[in-house]
Structure formats: C-alpha cells, structure tokens
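>>> Need coordinates for the below:
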Amino acid sequence: MKCITALTLALFLSFNLFAQEVKTSLLDKGTQQVGFSYADMSSDDAFGAQVYLRYGYFVLHKLQVGVDVNSGARDFNIFYASGGPYIKYHIKRSWFSPYATVSTDFGICDYTDQRAQYWMTGKLAWQKYFMGAGVGFYGVNDHWGFETAIGYQYEQYQRNDDGRPESNFDKWTNPIRWRITYAF
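Just a heads-up that it's a prediction; the model follows:
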C-alpha cells in the first residue's frame, strides 16, 4: 500500500513539475505598466520636443489607475512640465484590447521668447481634462505593447506676468495619443 501511495504521489508531482505555467494577461490585477511617447513640437521657426511618461497599476482585472508626467522644451527658452492622474478600463483581456480612459493634467510653463514679433516673458499655468477611447495591442511579446487613443480634451490656460493674471482662455481639442508600453 505504501508503494502505491508513494508511486501515486511521485506521479502527481511529476505532472506538476512538467505542467505548463498558467500565463496571466498583461491586464490582470496586480500588473504594473509603464508607457512612453514622444512628440515633436517643432514649427517653422522653432525646435521643440515633449516626452510623456505613464505609470499605471491594475487595481482590478482590466481597471488601471496611474499617473502621467510630461515635460518638454522649445527654442527661445520655453520649458514646461505637467502631470496628473488617469483611469483606464479595458473592455476585454486579450492581445487586442479596446479601452476607455479619463485623465487630468496640471502644468506650468516658464518662457522667455525674445523674437521681435513675440517678445514676452513670464509663466503660464494650465489644466487639461481628457476623455477618450483607444485600443491596446499587447501581442508583441510577454511584456511590450502599443496603445493609441482619441478623444476630447478641454484645456484652460492662465497667463501670469509679474504674478498677476493677464488672460484666461478655454478651448476644446481632439488629440490623438499613442504610447509604447511595458508591463511587469
């Protein structure tokens, strides 16, 4: 009897040793994801670039919360930075995953533009609110993916020169966003 029990136990353990590991989705609870994108902010008369970084954590299957951090620079001593939280919900857990997202972004800009036609110096503050939909392609391999989203973004800016508001203006935009992601 002991021999049969030992043989059964050995057989059971051997199947477990060679069993294939159950692969979890990149969108499962506990997964972390970092994202990166780059935007060329150059124009006919100025060079500029902006880098977008994102960190998110799946608090539930398909539901991610996180933070965006953005920073950029343009010619003529214009530097800006912003950041804010976001929420993203994936419709399904697969290599091709549509999602809905909302985010907010608070930023500051310090500028000195000495071109004759634009001469100005000061600070600019803004708030941006984004609501959109996108799709993630997570079939590249076990960790890498690509995301793109389109939606509506409400922007509110306040210019400050010498510490006092100069003007306030609001606008709606329709940005297209893309991002390379890495999950771990």
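
>>> which residues sit in contact with residue 101?
For residue 101, the contacting residues are 86, 87, 88, 89, 130, 131, 132, 133, 134, 149, 151, by C-beta atoms under 8 Å, 6 or more residues apart in numbering. C-beta coordinates here come from the backbone N, C-alpha and C atoms, glycine included.

>>> which of the residues you listed tops the neighbour count?
residue 88 (24 neighbours; other C-beta atoms under 10 Å).

>>> Any buried residues in the helix or strand hosting residue 179, and which?
Per DSSP states H and E, residue 179 falls inside strand 176-183. Buried residues in strand 176-183, counted by 16 or more other C-beta atoms under 10 Å: 177, 179, 181, 183.

>>> now these as JSON lines including distance to residue 68?
Formatted as JSON lines, the entries for these read as follows, by distance: C-beta to C-beta, whole Å:
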{"residue": "177", "distance to residue 68": "10"}
{"residue": "179", "distance to residue 68": "10"}
{"residue": "181", "distance to residue 68": "13"}
{"residue": "183", "distance to residue 68": "17"}
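
>>> Give the single residue among the residues you listed positioned nearest to residue 52.
Each of these was scored against residue 52 by C-beta to C-beta, and residue 179 proved nearest at 7.1 Å.

>>> Find the residue closest to the most centrally placed residue in the chain in space, skipping its chain neighbours.
Taking C-alpha atoms, centre = their mean, the centroid of the chain lies closest to residue 54, which sits 3.8 Å from it. Closest residue to residue 54 in three dimensions, ignoring its sequence neighbours and counting by C-beta to C-beta, 6 or more residues apart in numbering: residue 35, at 3.9 Å.

>>> Counting neighbours, what do you get for residue 140?
Neighbour count of residue 140, defined by other C-beta under 10 Å: 13.

>>> For the buried residues of strand 176-183, could you give me CSV that also reports pLDDT and distance to residue 60?
Below are the buried residues of strand 176-183 laid out as CSV (pLDDT from 0 to 100; distance: C-beta to C-beta, whole Å):
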residue, pLDDT, distance to residue 60
177, 76, 23
179, 85, 21
181, 87, 18
183, 87, 16
